[in-house]
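Asker: Need coordinates for the following:
(one chain, ligands or ions: 1)
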Amino acid sequence: MNDRFLRACRRQPVDKTPVWFMRQAGRYMSDYRALRERYSLLQICREPELAVAVTLQPVDVIDVDAAILFSDLLLPFTPMGLDFDFLKGEGPSIERPIRHAADVQRVRAFEPRQALGHVLTTIRMLRKELDGRVPLIGFGGAPFTMASYAIEGGPSTSYAKTKAFMYAQPAAWHALCDTFASVMSAYLRAQIEAGVQAVQVFDSWAGQLSRDDYREFAQPHSRRIFEALADTGVPTLHFGVGTTAILPDMAAAGGDVIGVDWRLPLDQAWTLVGEDRGIQGNLDPTVLLGPRERMMAAADDILRRAAGRAGHIFNLGHGVLPNTNLEQVQALARHVHANW
Ligand code: CP3
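Answerer: Presented below is the predicted three-dimensional model:
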């Protein structure tokens, strides 16, 4: 079995730098677009046969060292009483966002084996299909990022509603994040029981917070999730965007590997994260839209900065963009393996 990815998570030596890509399954792949003509994103997420097929699409054609479960961060919203849908071209839209302290009371915890049993079925099917080819990564959202979607009702640029809520209603904010932390801990544990071999906690928007606000409003809730997973022995990855100012605090919250974006050179980010952790990253996804040679040079720079130290997982600083050429992604994965 190809266990480079799991070895790097544990900071063990590897034969080549492991590589996978956030959003490695998605719109930049024609097979995915073909399936999306017949099914909605939520249909694919909820139908194990389809979710398995989409998860495997990149594994079959790109030289990646891990598969990531095809699902979405927001799936737990529905059983929590936060109905939502994906609107074409606009992203997620939550029907009745949380706007007042009293709204927090209608947010429910749920039993993942019942409400999201289809995700667990997908995981069990994937482990059989993958048959040890590459390990399977599961994932969930950190409380801050989940709460920000629940409050904004969809994507945001300023996170003004989220921040206003958290400053004005701290008790309700902490109660809401507490629920997300419990739900995510149970959901990720259920994913691990079903067979995922590593889990990534996405705190995609934590970089919107000042360091002090991160420590007060986000970190304690994220920490609870990592503590709840500690006894599973399964490696954890902790990812956010624009997190330069809070990398030491994210690392303190938990994660065997910290995922970083492209804003800091990898070696500097690793110093902030601490050498006792692994690091994942950190090519700017837009570099894949440029010339091949420039992309390779940028990848080489990252590899040089990792300098062969155990614990580096090559990835982008955020997801593959929909207008990326598949050939560029294939070439990048091959290049990382050839030039580790
Ligand atoms: O990485 C993978 O290959 C696994 C699949 C995956 C999806 N969503 C499928 C998806 C993962 C890991 C996610 C996580 C997710 N979902 C995050 C955290 C990661 C990040 O980007 O920071 C967030 C914030 C979401 C919520 C979400 N889902 C948004 C904001 C959007 C719309 C934005 C967009 O890219 O269109 C989605 C839609 C979504 N989730 C797509 C995919 C492949 C788009 C594809 C489609 O519409 O068919």
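
Asker: I'd like the distance between the nearest residue to F226 once chain neighbours are set aside and G311.
Answerer: With sequence-adjacent residues excluded and distances taken as CB to CB, 6 or more residues apart in numbering, F226 is closest to G254, at 2.5 Å. Glycine gets a C-beta too; all of them are placed from N, C-alpha and C. G254 sits 16 Å away from G311, going by CB to CB, to the nearest Å.

Asker: who in the protein is up against the ligand?
Answerer: 22-27, 36, 41, 68, 70, 72-74, 86, 91-92, 139, 155, 202, 204, 319 (CB under 6 Å from any ligand atom).

Asker: rounded to a whole number, what's the mean pLDDT of stretch 220-237?
Answerer: The average pLDDT within stretch 220-237 is 98.

Asker: Tell me how many other residues surround the residue nearest to F226.
Answerer: 21 (other CB atoms under 10 Å).

Asker: Quick check on it: phi, psi?
Answerer: When read as degrees, to the nearest 10, the backbone of G254 gives phi 140, psi 170.

Asker: List of residues touching the host helix or strand of F226?
Answerer: Using DSSP states H and E, F226 sits in helix 219-229. For helix 219-229, contacts defined as CB atoms under 8 Å, 6 or more residues apart in numbering pick out 140, 142-144, 174, 177-178, 180-182, 184-185, 188-189, 192, 199, 201, 203, 206, 236, 238, 249-250, 252-255.

Asker: just checking, N315 is part of a strand?
Answerer: Yes - the assignment for N315 is a strand, going by DSSP: H, G, I helix; E, B strand; the rest coil.

Asker: S40 against F86, yeah?
Answerer: Yes - in terms of CB atoms under 8 Å, S40 counts as a neighbour of F86; the distance is 7.1 Å.

Asker: What residues does the residue nearest the centre of the chain make contact with?
Answerer: Nearest residue to the geometric centre of the chain (CA atoms, centre = their mean): F202, 4.1 Å. Neighbouring residues of F202 by CB under 8 Å, 6+ apart: L73, F139, G140, G141, A142, T145, F239, G240.

Asker: out of the residues you listed, which one sits closest to Q268?
Answerer: Nearest to Q268 out of those is G240 (CB to CB; 16.3 Å).

Asker: wait, that closest one sits on G259?
Answerer: Yes - G240 lies in contact with G259 (CB under 8 Å); the separation is 7.1 Å.

Asker: I279 belongs to a strand, doesn't it?
Answerer: Yes - under three-state DSSP, I279 sits within a strand.

Asker: Leaving out chain neighbours, which residue sits closest to it?
Answerer: For I279, ignoring the flanking residues on the chain, the nearest one in space by CB to CB, 6+ apart is W270 at 4.8 Å.

Asker: and the one you found, how far is that from the ligand?
Answerer: Here W270 is placed at a distance of 21 Å from the ligand (CB to the nearest ligand atom, to the nearest Å).

Asker: Could you report the neighbour count for that residue?
Answerer: 25.

Asker: Now do the same contact list for the residue of the stretch 201-340 of the chain at minimum distance from the ligand.
Answerer: Distances between the stretch 201-340 of the chain and the ligand by CB to the nearest ligand atom are smallest at S204, namely 3.1 Å. Going by CB under 8 Å, 6+ apart, S204 touches L73, G141, T145, F239, G240, V241, H318.

Asker: Ok, R36 next?
Answerer: R27, I44.

Asker: still on that earlier bit, look at S40 and F86 and report which has more neighbours.
Answerer: Neighbour count, other CB under 10 Å: between S40 and F86, F86 has more, with 16 against 12.

Asker: correct me, but that one touches P92?
Answerer: Yes - F86 is within contact range of P92, at 5.6 Å (criterion: CB under 8 Å).
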